[in-house]
Structures are given as structure tokens and as C-alpha cells.
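In: Kindly return the folded structure for what I paste below:
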Amino acid sequence: MRADLASLPGHLDRIDGWIADGVMGGEELNAADFQIAPSIRLAMTFDDLRPAIEKRPAGELATRVIPHFPGRTPPVFPPEWLEGLRA
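Out: Residues are numbered from 1 along each chain as shown. Here you go, the predicted model:
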């Protein structure tokens, strides 16, 4: 899990790049939007992760695709595991 959290910023950077390039997040949503955005939206249910995701283009797209996602997980990760997300 710690390695996955450390790699999350890189994955989000790649998705933000696809959005910037018009591959995702266009006026008409496509299959990539509906495959990737729900996973991002699910990650945003973690209080530990939401602040690092929600203001990014990937987070904005996830909220656009799924405005209301049920559930919330309070902070659960050790702070040192989240250091890469705060940078």
C-alpha cells in the first residue's frame, strides 16, 4: 500500500496530461473517462487522499463524471506514507 501511495502522484500526472491533451475530459465523455474517473472518485472517498486529488484536473474530471459518490473513509494511513502526496 505504501508503494501504491508513493506512485499515486505519477499516475495522476499522467491522467492530468491526458486531460490536457484532450484524450480525456472533452465536451463529450468517452470510454476512458468512464473507466478511469470512477477509480479516481473512489480514491477521493479517503480523507487522506482527497486533498491531493480534488483540485487536480483528474479530480475535477472524476467529480464531473460522478458528482455524488457515496461513502467516506476517515484518515487511516500513517502520515509518513502520505509525504509524497503533500509535495
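In: Okay, now the unreliable bits of the chain?
Out: By pLDDT under 70, the low-scoring segments of the chain are 87.
In: List the buried residues in the helix or strand hosting residue 39.
Out: Using DSSP states H and E, residue 39 maps to helix 31-43. Along helix 31-43, these residues count as buried under the neighbour rule (16 or more other CB atoms under 10 Å): 33, 36, 37, 40, 41, 43. For glycine as for every other residue, the C-beta is placed from the backbone atoms N, C-alpha and C.
In: try stretch 62-72
Out: In terms of neighbour count (16+ other CB under 10 Å), stretch 62-72 has its buried residues at 62, 63, 65, 66.
In: Would you reformat those residues as a markdown table and include distance to residue 12?
Out: A markdown table is the format used below for the buried residues of stretch 62-72 (distance: CB to CB, whole Å):
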| residue | distance to residue 12 |
| --- | --- |
| 62 | 10 |
| 63 | 14 |
| 65 | 15 |
| 66 | 17 |
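In: Find the centremost residue of this protein, please.
Out: By CA atoms, centre = their mean, the chain has its centre lying nearest to residue 40, at 3.7 Å.
In: which SSE is the closest residue in space to it that isn't next to it in sequence in?
Out: Excluding the flanking residues, the one nearest residue 40 by CB to CB, 6 or more residues apart in numbering is residue 62, at 3.9 Å. Using DSSP H and E, the secondary-structure element containing residue 62 is helix 57-65.
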